[in-house]
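[1] here's a sequence, model it:
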Amino acid sequence: MARFDFSGKVALIAGASRGIGESVAHGLAQHGATVICASRKIEPCEKVAEDIRSNGGKASARIVHLGDIESHTNSVAEIMEEFGRLDYLVNNGATNPYYGPAHQAEEWAYDKTMEVNLKGPYFLSAAAIPAMMKNGGGAIVNVASVDGIQPGLGRVIYGMTKAGLINMTKGMAKEYGDHGIRVNALLPGFTDTKIAAALKEDPKMQAYMDNNLAIKRMAQPEEMVGAVMYMLSDEASYFTGQGMVVDGGAII
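    Residues are numbered from 1 along each chain as shown. Down below sits the predicted model:
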């Protein structure tokens, strides 16, 4: 397990206030990383950071609004000033304000989904990459979705953003590999997070799980942690530009 030792490393987790981001923050801290928990609202991130510290880990909280590019650059600059390095970025923040027929989606829902799910990770990565270069490299994990490769009913816009995020992952991996920066994506399936609340309440989802999943239940956020930790770790030193599917067998 020595190669999963993140001691001395600094990780920025966007969307760390709950769900997969919160679980990843705890996992990295348990393995020695200094974790910066970030989201649009500081209070829930402070709570996550306090929970980590109370368990002996190192964590702080910052506001990072995925739709505000200035907050990206300011946060990375503050991290570099305080810690002198940034080794890992996990782009976990996402939204899905509209669930329904594609032709009935309103423009505001389209714009909001694109802003948070695609524009945000792009520009936060753009802010983080120069900081990683100063330390000789780093790793980025973008939390996408199986919807990015197999669109789901009622969430066309969401799937479009995740497909774009997967392509962004491949493009940045190719562009920054020579700088020692690896970029990969996590593709979760049906996971028990706030963003999946509408799906969880849909009575058809039980039939979906029974008929389409090899593991016939929804995932818990902590079940994504191992995959993210692997992609960030030195164990994945030759692993880049990939999308790791963790979906209970949905796409098979």
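
[2] and the nearest residue in space to Gly15 that is not next to it in sequence, what is it in contact with?
    Leaving aside its sequence neighbours, Gly15 sits nearest to Gly93 (C-beta to C-beta, 6 or more residues apart in numbering; 3.1 Å). Placement of C-beta: from N, CA and C, glycine included. With contact taken as C-beta atoms under 8 Å, 6 or more residues apart in numbering, Gly93 is in contact with 14-15, 21, 39-40, 64, 66, 116, 120-121.

[3] now these in CSV, with secondary structure and distance to Val246?
    What follows is those, written out as CSV (DSSP: H, G, I helix; E, B strand; the rest coil; distance: C-beta to C-beta, whole Å):
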residue, secondary structure, distance to Val246
Ala14, strand, 19
Gly15, coil, 17
Gly21, helix, 15
Ser39, strand, 22
Arg40, coil, 25
Val64, coil, 24
Leu66, coil, 22
Val116, helix, 22
Gly120, helix, 22
Pro121, helix, 18
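
[4] I'd like the residues you listed as CSV, with neighbour count and distance to Tyr238 appended.
    CSV is the format used below for these (neighbours: other C-beta atoms under 10 Å; distance: C-beta to C-beta, whole Å):
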residue, neighbour count, distance to Tyr238
Ala14, 30, 26
Gly15, 30, 28
Gly21, 28, 26
Ser39, 25, 32
Arg40, 20, 35
Val64, 27, 30
Leu66, 26, 30
Val116, 21, 32
Gly120, 28, 29
Pro121, 31, 24
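
[5] run a quick neighbour tally on Pro97.
    16 (other C-beta atoms under 10 Å).

[6] residue closest to the middle of the chain?
    By C-alpha atoms, centre = their mean, the chain has its centre lying nearest to Asn92, at 2.3 Å.

[7] ok, it to Ala214 distance?
    25 Å (C-beta to C-beta, to the nearest Å).

[8] same thing with Arg18?
    Noted for Arg18: a distance of 27 Å to Ala214, by C-beta to C-beta.

[9] who has more neighbours, those two?
    Arg18 (18 against 9).

[10] list the contacts for that one?
    By C-beta under 8 Å, 6+ apart, the neighbours of Arg18 are 44, 193-194.

[11] ok, these vs Trp108, which is closest?
    Lys194 (19.7 Å; C-beta to C-beta).

[12] contacting residues for the closest one?
    When contacts are counted by C-beta under 8 Å, 6+ apart, Lys194 touches 18-19.

[13] pLDDT weak spots in the stretch 101-250 of the chain?
    For the stretch 101-250 of the chain, the stretches flagged by pLDDT under 70 are 195-201.

[14] so who does His103 touch?
    Listed by C-beta under 8 Å, 6+ apart, the contact set of His103 is empty.

[15] just use 88 as the starting number from now, easier for me
    Sounds good: first residue 88 from here, last item His190.

[16] how far away is it from Ser162?
    Distance, His190 to Ser162, by C-beta to C-beta: 38 Å.

[17] cool, and Arg105?
    From Arg105 across to Ser162, the span is 19 Å (C-beta to C-beta).

[18] which residue ranges form the strands in this protein?
    With DSSP state E, the ranges of strands along the chain come out as 97-101, 121-126, 145-150, 175-178, 225-230, 268-275, 330-333.

[19] using CSV, write out the CA atom coordinates for the fifth one.
    Below are the C-alpha coordinates for strand 225-230, written out as CSV (Å, rounded to 0.1, in the frame of the first residue of the first chain):
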residue,chain,number,x,y,z
GLY,A,225,0.2,16.0,-11.1
ALA,A,226,-3.1,14.2,-11.8
ILE,A,227,-6.6,15.2,-12.6
VAL,A,228,-9.7,13.1,-12.3
ASN,A,229,-12.9,14.3,-13.9
VAL,A,230,-16.1,12.8,-12.6
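
[20] alright, that wraps it up for me.
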